[in-house]
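> got a predicted structure here, sequence first:
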Amino acid sequence: MIFGSEPILYVAWQCKNIGKLYSDIFVSKSTNFGSAWSEPIKITNGKAESIFPKFVVLDQEPWLFWQGGENGIWQIWVLDSQYWKQKAGSDMIQPLTDISKPGILPEVSSTKGQIHLFWTQKENNEQSNIMYIRRDTLPPSQPRTPYHFDISANTGFDDDEQITFYWEPSKSKEKVKYKVYVSVNNGVFNLLGDTEKTSYNIQGEEGKSYQIYVEAVDMVGNISVPSEISKKSFLRSKSTENNYSFPAFRFNYTWRDSYNCKCK
């Protein structure tokens, strides 16, 4: 079955290669209305039967679900949109259901900002239940541009051993944390860390400049649009800041005649 929104389309299928014991899941992508398709990508590893692939594409982001037996019991597996963005490996492929009871026959649909998954859970040889979960895919709102402030230093400078940046919180209702990316001396931005606060301390080095931007991440992993990049801030310690050399001045005076002042 073909999924997606033209011109970008996806297709998934199960296939047992010649000489192999189990079926694997394969996918392919078209970016031109289905006129041409990419080379098939093998998603599963052939260690166990993988069947019934189901795609859903929400806001051009593909999600793939299937029934797999890799852990010795049928489970519902998922490959979320981050896999396609990061071109990551198989370590991002995770079972969605636990191993306490078999999960089979996935069916998936979507509404605005939500993915809806149904599957059959076998309770015993005589009873099965229809299970349902949903996954929020709406990212948090974009954080405001970070800024630096140090009450004891001039604008754009910090006079202690660390530089503190602040930003306004994301307006999302859900709880979020923030990924912080830093550039030193106009270098490449790298992930420095994350925090649930709306501030971050950077252990700086004397004379270097720092800029950051942040991303808000909700509890299920949706990532916001990155904030704008902060202005540069320089680390200049107090010892350096107070080490000024003032020029010498020569004062030339012309003394007038002195006067005698008599006090009565």
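Arrived safely, thanks for sending.
> surely Glu174 is in contact with Asp218?
Yes. With contacts counted by CB atoms under 8 Å, Glu174 reaches Asp218, the gap being 4.8 Å. Where you see a C-beta, it was placed from the backbone N, CA and C, and this is true even at glycine.
> who's more crowded, these two?
More crowded of Glu174 and Asp218, by other CB atoms under 10 Å: Asp218, with 19 against 13.
> quick one: pLDDT of Glu241?
Listed pLDDT for Glu241 reads 45.
> contact partners for the residue nearest in space to the middle of the chain?
In the chain, the centroid-proximal residue (CA atoms, centre = their mean) is Ile223; its distance is 4.6 Å. Contacts of Ile223 were listed using CB atoms under 8 Å, 6 or more residues apart in numbering, and they are Pro139, Pro140, Lys179, Glu215, Ala216, Val217.
> the closest residue to the first one other than its chain neighbours: neighbour count?
This means Pro139. Spatially, and ignoring its direct neighbours in sequence, Pro139 is nearest to Asn222 (4.3 Å; CB to CB, 6 or more residues apart in numbering). Burial of Asn222 is recorded as 20 neighbouring residues (other CB under 10 Å).
> show me the strands in the stretch 101-250 of the chain, by range?
Here the stretch 101-250 of the chain has its strands, by DSSP state E, counting those that start in this stretch, at 103-111, 114-122, 128-136, 147-148, 157-158, 162-166, 176-184, 190-195, 199-203, 209-218, 233-235.
> turn these into CSV, including mean pLDDT and distance to Glu6.
Shown next, in CSV, are these (pLDDT from 0 to 100; distance: least, CB to CB, whole Å):
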stretch, mean pLDDT, distance to Glu6
strand 103-111, 93, 17
strand 114-122, 93, 20
strand 128-136, 91, 24
strand 147-148, 88, 43
strand 157-158, 70, 52
strand 162-166, 88, 43
strand 176-184, 94, 33
strand 190-195, 94, 35
strand 199-203, 90, 42
strand 209-218, 93, 30
strand 233-235, 83, 47
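> export these as CSV, with columns for distance to Ala48.
As requested, these are arranged in CSV below (distance: least, CB to CB, whole Å):
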stretch, distance to Ala48
strand 103-111, 14
strand 114-122, 17
strand 128-136, 21
strand 147-148, 52
strand 157-158, 56
strand 162-166, 48
strand 176-184, 35
strand 190-195, 35
strand 199-203, 44
strand 209-218, 32
strand 233-235, 53
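> sweet, I'm off.
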